[in-house]
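Student: curious how this folds, go ahead:
(4 chains)
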2 protein chains.
Amino acid sequence: MKTRAIRERIIEAADQLFYQQGFAHTSFSDIAGVVGISRGNFYYHFKSKDEILDAVINERLQNTQNMLDMWEEDAPTPEARIRCYIHILLTNRNKIMRYGCPVGTLCGELAKLDHCERTEAIRLFDLFRAWLRHQFTQLGHKEDADRLAMHVLAWSQGVATLANAYEDKDFIDQEIQMICTWLEAYTQSTKRSQHSSDALH
Amino acid sequence: MKTRAIRERIIEAADQLFYQQGFAHTSFSDIAGVVGISRGNFYYHFKSKDEILDAVINERLQNTQNMLDMWEEDAPTPEARIRCYIHILLTNRNKIMRYGCPVGTLCGELAKLDHCERTEAIRLFDLFRAWLRHQFTQLGHKEDADRLAMHVLAWSQGVATLANAYEDKDFIDQEIQMICTWLEAYTQSTKRSQHSSDALH
DNA sequence: GACTCATTAGGACGATCATCCTAATCATAT
DNA sequence: ATATGATTAGGATGATCGTCCTAATGAGTC
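Tutor: Predicted structure coming up:
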């Protein structure tokens, strides 16, 4: 059954192109050209452009969830896990400088297009938000967990936006440093309060 | 001479539509419909769509410079002036929640389109960056002035991006509070060092 | 009133797009 | 080998777009 494989390749190609050129500016011809199939054959695999977008978003949701799960397993502490998130900025630095953040730019574009898939795209943010919230809860900031999660999200989004505008490598490095310092201060205050609560026992 | 007035109205309408719908997704018909002139008459005022974009960016550059100049006059201290910048998030809160930041989203779109006017759009960021840098220099952070300016820019961009995604009023208010607190701590450390340097005299 | 020149309206053009349709091709089972 | 159903290629269609062209209109001058 090769149909499954072709479908995967279409989603993969569309994913890349939507990121690099934007959703609206990417045509069926573009995707077909990358995949190497004819333009007209597209409708056997996807009934509409919106359906491809939906598949791409679902693919990204799946990949994102897998990534978060892996971090949850591999990194020893909540602090280290949050640093895993921050370090995407470093890992994808070159792509971010050229195309911005895949999640932020997609949500922004769909908001302007008033596209119905917009709510689906925001679920990508939801994944990171809930995951970060969980980490901060584990750090002992139960009350502020969601606010802190949103703060880290916003911070990284801002870094991506300006890094894209100025194509500035050093700026990304500096901001990552700042976030890690900020995060460390937050976790140390937690450790201290944990110490003091330990002392009570 | 009514030509001048019509030209202004075209730029004004294009400015709004580019912000609300994006540049690529806004057609001549859209702009003509808002202005109330015929579609074909457009080429008497502007030879191409890129020319309108250029005019819109120049208009924004002019308005932005005027705004910065006004803040420079009206606000008494560098700290108060930086707060003026932060408070755009509050003043334009509803629009930001619907369409994001006008500068950030335009630069992001033009980056994806690989559009030649991209460098012009970034000059909008340059205006804020240089102005903020000047304020931080006046606050005594001469070495870090540009880094701090970029930091404030990135922070506000991130807030705009997430406020747009989640359409969250309270989040904006919270982040503005955080920025102001952060800024206050920065200026108080300056005042302290100024005090100590005063004491040396 | 006739002439000039700026301004306008509206259609024509070619390109691109998403979508649809149909005939051709392929693999597989009988 | 033939039949069947999945898969493909490529053109047709109608809509939209940026751009161009031209005839009509308007205002101001001689």
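Student: contacts only, for the residue in chain A that chain B sits nearest to.
Tutor: Proximity of chain A to chain B (CB to the nearest CB) peaks at A:G158, 2.9 Å away. All C-beta atoms are positioned from the backbone trio N, CA, C, and that covers glycine. For A:G158, the contacting residues are B:153-159, B:161, by CB atoms under 8 Å, 6 or more residues apart in numbering or on different chains.
Student: possible to save the residues you listed as JSON lines with distance to DNA strand C and secondary structure?
Tutor: Below are the contacts of A:G158 laid out as JSON lines (distance: CB to the nearest atom of the strand, whole Å; DSSP: H, G, I helix; E, B strand; the rest coil):
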{"residue": "B:L153", "distance to DNA strand C": "34", "secondary structure": "helix"}
{"residue": "B:A154", "distance to DNA strand C": "33", "secondary structure": "helix"}
{"residue": "B:W155", "distance to DNA strand C": "36", "secondary structure": "helix"}
{"residue": "B:S156", "distance to DNA strand C": "34", "secondary structure": "helix"}
{"residue": "B:Q157", "distance to DNA strand C": "29", "secondary structure": "helix"}
{"residue": "B:G158", "distance to DNA strand C": "31", "secondary structure": "helix"}
{"residue": "B:V159", "distance to DNA strand C": "32", "secondary structure": "helix"}
{"residue": "B:T161", "distance to DNA strand C": "25", "secondary structure": "helix"}
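Student: going by distance to DNA strand D, which of the residues you listed wins?
Tutor: Nearest to DNA strand D among the contacts of A:G158 is B:T161, at 25.9 Å by CB to the nearest atom of the strand.
Student: which SSE is the most centrally placed residue in chain A in?
Tutor: Central residue of chain A (CA atoms, centre = their mean): A:V103, 5.2 Å from the mean position. Using DSSP states H and E, A:V103 sits within helix A:102-113.
Student: ok, then the element right after that helix?
Tutor: Taking DSSP H and E, what comes next after helix A:102-113 is helix A:118-138.
Student: one step back: from A:A154, how far off is the nearest residue to the residue nearest to the centre of chain A once chain neighbours are set aside?
Tutor: Spatial nearest neighbour of A:V103, chain neighbours left out: A:L124 (4.6 Å); criterion: CB to CB, 6 or more residues apart in numbering or on different chains. Distance of A:L124 to A:A154, computed by CB to CB, to the nearest Å: 15 Å.
Student: circling back to that earlier point, excluding its backbone neighbours, what's nearest the residue of chain A closest to chain B?
Tutor: Closest to A:G158 by CB to CB, 6+ apart is B:G158, at 2.9 Å.
Student: how much space between the one you found and A:I122?
Tutor: 16 Å.
Student: again, but for A:C180
Tutor: Relative to A:I122, A:C180 is positioned 27 Å away (CB to CB).
Student: who has more neighbours, the two?
Tutor: In this view A:C180 and A:I122 are compared by other CB atoms under 10 Å in any protein chain shown, and A:I122 has more residues nearby, 20 against 15.
Student: may I have stretch A:26-45 exported as PDB, CA atoms only?
Tutor: Extracted in PDB, the C-alpha atoms of stretch A:26-45 (Å, rounded to 0.1, in the frame of the first residue of the first chain):
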ATOM      1  CA  THR A  26       2.000  27.800  -1.000                       C
ATOM      2  CA  SER A  27       0.100  26.300  -4.000                       C
ATOM      3  CA  PHE A  28      -0.700  22.700  -4.900                       C
ATOM      4  CA  SER A  29       1.800  23.000  -7.700                       C
ATOM      5  CA  ASP A  30       4.500  23.800  -5.100                       C
ATOM      6  CA  ILE A  31       3.700  20.800  -3.000                       C
ATOM      7  CA  ALA A  32       3.300  18.500  -6.000                       C
ATOM      8  CA  GLY A  33       6.600  19.700  -7.400                       C
ATOM      9  CA  VAL A  34       8.400  18.800  -4.200                       C
ATOM     10  CA  VAL A  35       6.700  15.400  -3.800                       C
ATOM     11  CA  GLY A  36       7.100  14.600  -7.500                       C
ATOM     12  CA  ILE A  37       3.500  13.800  -8.300                       C
ATOM     13  CA  SER A  38       1.100  15.400 -10.700                       C
ATOM     14  CA  ARG A  39      -1.000  18.400  -9.700                       C
ATOM     15  CA  GLY A  40      -4.300  16.800 -10.600                       C
ATOM     16  CA  ASN A  41      -3.600  13.600  -8.600                       C
ATOM     17  CA  PHE A  42      -3.700  15.600  -5.400                       C
ATOM     18  CA  TYR A  43      -7.500  15.300  -4.900                       C
ATOM     19  CA  TYR A  44      -7.200  11.500  -4.600                       C
ATOM     20  CA  HIS A  45      -5.200  12.000  -1.400                       C
END
